[in-house]
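Novice: Sequence and predicted model, in that order:
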Amino acid sequence: MLVLAPGSVARILAVPGLAEHGIGFRSVEEAVSLRNHVLTQLDLAASTRDPELRDAALTFVFVGGGYAGTGALAELEDMARYAVRHYQGLKPEDMHWVLVEAGQRILPETEPDVGLRTTEELRGRNIEVRLGTRLISVTDGVVALSDGSRFAARTLVWTAGVRANPVLRATGLPATPRDACAATPACGSSARPGPGRPATRRRCRMSPVRGSTASPTRSTPSARPGCSRTTCSPVCAASRWRSTGTS
Ligand SMILES: Cc1cc2nc3c(=O)[nH]c(=O)nc-3n(C[C@H](O)[C@H](O)[C@H](O)COP(=O)(O)OP(=O)(O)OC[C@H]3O[C@@H](n4cnc5c(N)ncnc54)[C@H](O)[C@@H]3O)c2cc1C
């Protein structure tokens, strides 16, 4: 048996300035680099006398309200709020954290109430959540959004575009319009006949995150008691890590 589960790859859309200024968040290396970048912005804001530069350094924009964007923003904002206590002249209220999501809710992989609850929790932390909004450009240090707003920001994290790993194309398995493996609700898949392969019915297992009935392959240690894997949010995860002191 061959198990084929190559995951997804990042997709850079044709947004002016994105390829040059967008910061990704998929690997551990990118996470470490982003953490260092945020701390550098605090250093800069604390040391400059230029109010515009200070505002731009303290403005952090995340595009994409999926697991990666929401989790990264929640964790980094938490870290930065803690860190500013060590900077003279910086207060948590000076920071401007923005989550930009094109859809009408964040965390679309989860049940609707999880997205709503997470949005409320983020807004309660003074984080702006802009739904139904797209990034238009990020040029000359200015972020432009589809709601008409424009503001200076030195941090733009891009977690919006993922697509199925292109290697799937070579398998000949039925694909969705976005090149993911197409599967029935029962995780069955009729493979197209290919070279040396009869047109028999084959099994295709979907990711648990996408709603398969298959058992989760990775537990979510961060879930609150009572949370299931599909109903726990990254913000919930952040609270649990803080309360247990796990890093
Ligand atoms: C920052 C971040 C935070 C997230 N947070 C959450 C969360 O809190 N909760 C949640 O449920 N989901 C979360 N997700 C999403 C979750 O990680 C993915 O949905 C899940 O990892 C998908 O699992 P997968 O096995 O399909 O793919 P992956 O985990 O991407 O695994 C695919 C593997 O295949 C390997 N591979 C690729 N091509 C080949 C090849 N040709 N040959 C051999 N190996 C190959 C890759 O190196 C990789 O190791 C998050 C994702 C990110 C990026």
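Specialist: Okay, I see it. Here the structure is a predicted model, which means the values were calculated and not measured.
Novice: By proximity to the ligand, which residue of the chain wins?
Specialist: Gly7 (2.3 Å; C-beta to the nearest ligand atom). Just so you know, the C-beta spots here come from the backbone N, C-alpha and C atoms, and that holds for glycine as well.
Novice: Now do the same contact list for the closest residue to that residue other than its chain neighbours.
Specialist: Using C-beta to C-beta, 6 or more residues apart in numbering and skipping the chain neighbours, the partner closest in space to Gly7 is Asn165 (5.8 Å). Neighbouring residues of Asn165 by C-beta atoms under 8 Å, 6 or more residues apart in numbering: 6-9.
Novice: my guess is Val98 meets Glu128, correct?
Specialist: Yes - using C-beta atoms under 8 Å, Val98 makes contact with Glu128 at a distance of 4.5 Å.
Novice: ok, which stretches of this structure are strands?
Specialist: Counting by DSSP state E, the chain has these strands, from start to end: 8-10, 59-63, 96-100, 128-130, 135-139, 142-145, 150-152, 155-158, 162-164, 188-190, 201-203.
Novice: Let's have the ones you listed in TSV, adding mean pLDDT.
Specialist: Listed next are the strands of the chain as TSV, based on pLDDT from 0 to 100:
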stretch	mean pLDDT
strand 8-10	85
strand 59-63	98
strand 96-100	98
strand 128-130	98
strand 135-139	97
strand 142-145	98
strand 150-152	98
strand 155-158	97
strand 162-164	84
strand 188-190	57
strand 201-203	44
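Novice: remind me which residues of this protein are low pLDDT?
Specialist: The chain contains residues with pLDDT under 70 at 186-247.
Novice: more crowded one of Val98 and Glu128?
Specialist: Neighbours were counted for Val98 and for Glu128 using other C-beta atoms under 10 Å; Val98 has more, 22 against 13.
Novice: is the more buried one in a bridge, and if so with what?
Specialist: Counting by DSSP bridges, Val98 forms beta bridges with Val61, Glu128.
Novice: how about it, what does it touch?
Specialist: 59-62, 127-128, 130, 153.
Novice: again with Gly89
Specialist: Counting by C-beta under 8 Å, 6+ apart, Gly89 has contacts Ala46.
Novice: hey, where'd the helices end up in this protein?
Specialist: For the chain, helices defined by DSSP state H occupy the ranges 18-21, 28-47, 51-57, 67-83, 112-124, 234-244.
Novice: Kindly state which of those is positioned closest to Pro174.
Specialist: Each of those has some distance to Pro174 by C-beta to C-beta; the shortest is helix 67-83, at 25.9 Å.
Novice: Which positions within the closest one qualify as buried?
Specialist: By neighbour count on 16 or more other C-beta atoms under 10 Å, the buried set for helix 67-83 is 67-78, 80-81, 83.
Novice: Can you sort out which of these also neighbour the ligand?
Specialist: The subset of the buried residues of helix 67-83 lying close to the ligand, counting by C-beta under 6 Å from any ligand atom, consists of 67-68, 71.
Novice: Quick one: these as CSV, columns for distance to Ala160 too.
Specialist: As requested, those are exported to CSV (distance: C-beta to C-beta, whole Å):
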residue, distance to Ala160
Tyr67, 12
Ala68, 9
Gly71, 14
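Novice: can you list the helices of the chain in TSV and add distance to Asp94?
Specialist: Shown next, in TSV, are the helices of the chain (distance: least, C-beta to C-beta, whole Å):
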stretch	distance to Asp94
helix 18-21	22
helix 28-47	7
helix 51-57	8
helix 67-83	10
helix 112-124	18
helix 234-244	21
